[in-house]
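> Just the structure for this:
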Amino acid sequence: METVKDEGNSVEAAANYLDIPVSRVQVAIRYYADHRGEIDAWTERVHRIADGEAEIDGRVLGILA
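This next block holds a predicted model:
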């Protein structure tokens, strides 16, 4: 869904970017519609983890500089 949103909500552009058939993006959108809360919560957790890792990387690079 993030890719679809990043591509201006264009299913075709998202499929092109991901190099997959449009039908797969459409299936993913339908799945997201049925499981939105769970997927949004998971996505938020993943972003928080990534942000934490980036902060740690920045501190390590500061030490090594």
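> Now do the closest residue to residue 1 other than its chain neighbours against residue 39, distance only.
By the measure of C-beta to C-beta, 6 or more residues apart in numbering, the closest residue to residue 1 outside its immediate chain neighbours is residue 32, 5.1 Å from it. (Each C-beta comes from the backbone N, C-alpha and C, glycine too.) Noted for residue 32: a distance of 6 Å to residue 39, by C-beta to C-beta, to the nearest Å.
> just residue 6 next, same as before
Counting by C-beta to C-beta, the gap from residue 6 to residue 39 is 16 Å.
> Looking at those two now, which is surrounded by more residues?
residue 39 (15 against 12; other C-beta atoms under 10 Å).
> ok, now which ones touch that one?
Residues in contact with residue 39 (C-beta atoms under 8 Å, 6 or more residues apart in numbering) are 1, 32.
> Okay, now the unreliable bits of this protein?
Low-confidence segments of the chain, defined by pLDDT under 70, are located at 54, 56-61, 65.
> what ranges do the helices span in this structure?
Remark: helices assigned in the chain by DSSP state H are 2-6, 11-18, 22-34, 36-64.
> most neighbours per residue, which of these?
Among these, helix 11-18 has the highest mean neighbour count (mean count of other C-beta atoms under 10 Å), at a mean of 16.
> Run through who's touching that helix.
3-4, 6-7, 21-22, 24-26, 29.
> wait, which of these is closest to residue 46?
Within the set of these, residue 3 lies nearest residue 46; the separation is 14.2 Å, counting by C-beta to C-beta.
> For the closest one, which non-adjacent residue is closest in space?
Residue nearest to residue 3 in three dimensions, not counting chain neighbours: residue 14, with 4.7 Å by C-beta to C-beta, 6+ apart.
> Give me the distance between that neighbour and residue 30.
Separation of residue 14 from residue 30 (C-beta to C-beta): 14 Å.
> Could you do residue 63 as well?
Using C-beta to C-beta, which is the criterion applied here, residue 63 is 47 Å from residue 30.
> wait, what's in contact with residue 26?
residue 11.
> For stretch 18-26, measure first residue to last.
13 Å (C-alpha to C-alpha, to the nearest Å).
> Make 31 the starting number, not 1.
With 31 as the first residue, the last one maps to stretch 48-56.
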